[in-house]
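Participant: show me the folded form of this:
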Amino acid sequence: PFVGSSMMNKDQKNEILKICNVKKAASLDYVSGWYFKAIDLLKVNDRIEFAFVSTNSIVQGELVAPLWGEIFSSGAKIKFAHQTFQWKNEAKDNAAVYCVIVGITKRDNSKCRLYKYDDIKSEPLCEVVDQINGYLIPYNPDIYVEISVNKPLSKITPMIRGNQPSDGGALIIEEADSSDFIDDPICSEYVRRYIGAKEMLHNLRRYCLWLTSISLEDALSIPKIRERVLKCKEFRLGENTSSIAKENAKTPHLFIQRTQPEDCKTAIMIPRVSSERREYIPMGFVGEDVIVSDACQAIPNGTLYDFGILESRMHMTWMRTVCGRLESRYRYSRDLCYNTFPWPDAKEPQRHVIEVLAQNVLDARDLYPELTLADLYDPDKMPQELKDAHEHLDRAVDQLYRAKAFENDEERLQMIFEKYE
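Facilitator: Predicted coordinates:
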């Protein structure tokens with residue numbers, strides 16, 4: 001079955017742990033087991049060659065290191081590969097599956113064939129290359145990105161995951177109910193804008209009760225708030241909730257995870273999941289009156305320079321390569337993408353240039369107040385002013401890495417992997 005590590009039943013998980021005797025085997029998808037079985041055969045008879053159609057998860061995110069590290073350490077190499085494409089069969093109501101095809105050999109030292117797709121539904125174009133790595137790009141197979149530390153490798157502002165309520169919706173105030181709390185002089189003091197990926201991208205209004213400044217006893221003394229807090233407690237004590245949720249039933253007026261620092265005056269927000277159609281993941285700034293939801297990553301007190309680097313084509317190219325996907329959508333990871341990204345060494349005048357160009361991107365967005373971020377970054381709707389602003393920013397960030405212009409994203413990847421290595 002094509003199931004991910006979190007979707008396996010107990011027997012499937014035990015099979016994988018038995019077959020895949022490597023570090024982080026528990027994170028491997030079920031399809032990885034076939035590769036390990038085939039490699040075992042290859043160790044016995046090195047004339048064997050094999051190829052599998054697989055879900056594309058095996059060439060993304062944290063699965064790359066344990067799976068491909070084992071394959072390449074056995075002396076095998078990728079002989080040919082098809083990058084991600086969409087596969088449909090003729091069954092009624094079949095789900096679209098995002099696949100790769102990978103062929104493995106041990107004896108064949110000839111050039112490799114890499115089949116690339118302009119998009120997931122197009123016909124492939126074949127390129128002859130010297131080597132193919134676990135991300136199915138033509139680069140050193142021995143280099144892959146691992147989650148080895150939970151802090152950035154570069155000297156940058158740490159990133160946090162947004163605040164997690166785990167409240168059954170009790171502490172969240174939908175727009176239809178917001179006036180009941182905002183117009184109440186007592187409750188309004190504890191109401192904050194609550195923004196996640198959906199709210200950010202589609203300019204939706206949502207609120208939450210943020211009760212960090214008062215005790216549980218005081219929260220229960222306010223009738224409208226008391227009702228919500230007791231609902232939260234009931235939810236956390238439910239039979240299907242985790243032990244962590246049950247423990248936090250002792251403080252049902254508070255989010256279960258509060259990551260936003262009290263001194264956070266502004267923050268850069270990054271949706272954790274974003275459409276693969278976009279050239280850039282839409283990011284933005286929010287003020288101290290906003291609570292960032294756990295549907296986003298955030299950089300507390302992030303700067304214009306930080307924003308400029310993160311919104312650059314260089315960073316987007318790194319993200320597309322090392323991050324995992326949800327179906328085909330980008331899944332932005334703090335540990336795997338942000339913490340591992342090799343930031344440039346920029347002097348103060350260069351930083352100022354990036355800040356100016358980053359502000360130009362924000363100003364170009366403001367020219368179209370009627371459009372949401374989802375509209376602005378739709379490739380079919382993106383205004384020319386915004387395209388131009390991003391292109392100018394891209395060129396300036398590229399020049400922080402090298403003076404000569406990059407011909408394409410493959411050259412950018414080559415440079416950024418070299419810096420990572």
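Participant: drop to CA atoms for contacts and neighbour counts, all remaining ones
Facilitator: Will do.
Participant: what segments of the stretch 301-421 of the chain are strands?
Facilitator: For the stretch 301-421 of the chain, strands defined by DSSP state E, counting those that start in this stretch occupy the ranges 324-326, 329-331.
Participant: how far away from the center of its chain is the first one?
Facilitator: Its chain's C-alpha centre lies 7 Å from the corresponding centre of strand 324-326 when counted by CA atoms, centre = their mean, to the nearest Å.
Participant: what number of residues lie near the closest residue to K106 other than its chain neighbours?
Facilitator: Of all residues not flanking K106 in the chain, A76 sits nearest, at 4.4 Å (CA to CA, 6 or more residues apart in numbering). A76: 20 surrounding residues under other CA atoms under 10 Å.
Participant: wait, A76 touches N109, no?
Facilitator: No: A76 lies out of contact with N109 (CA atoms under 8 Å); the separation is 10.2 Å.
Participant: how near is C264 to N140?
Facilitator: Counting by CA to CA, to the nearest Å, the separation of C264 from N140 is 41 Å.
Participant: in terms of mean pLDDT, which of the strands of the stretch 301-421 of the chain ranks lowest?
Facilitator: Lowest mean pLDDT within the strands of the stretch 301-421 of the chain: strand 324-326, a mean of 72.
Participant: elements contacting it?
Facilitator: strand 329-331 (3 or more CA pairs under 8 Å, 6 or more residues apart in numbering; DSSP states H and E).
Participant: mind listing what the strand it packs on pairs with, with the direction of each?
Facilitator: strand 273-274 (antiparallel), strand 324-326 (antiparallel) (DSSP bridges).
Participant: tell me which residue is most central in this structure.
Facilitator: Residue closest to the average C-alpha location in the chain (CA atoms, centre = their mean): Y332, at 1.2 Å.
Participant: check what pLDDT that residue gets.
Facilitator: 92.
Participant: in contact with it, which residues?
Facilitator: 270-274, 319, 323-324 (CA atoms under 8 Å, 6 or more residues apart in numbering).
Participant: ok, these vs I256, which is closest?
Facilitator: Nearest to I256 among those: R272, at 19.0 Å, using CA to CA.
Participant: wouldn't that closest one be in contact with R334 here?
Facilitator: No: using CA under 8 Å, R272 is not in contact with R334, being 9.1 Å away.
Participant: now the common contact residues for these two.
Facilitator: Joint contacts of R272 and R334 (CA under 8 Å, 6+ apart) are Q297.
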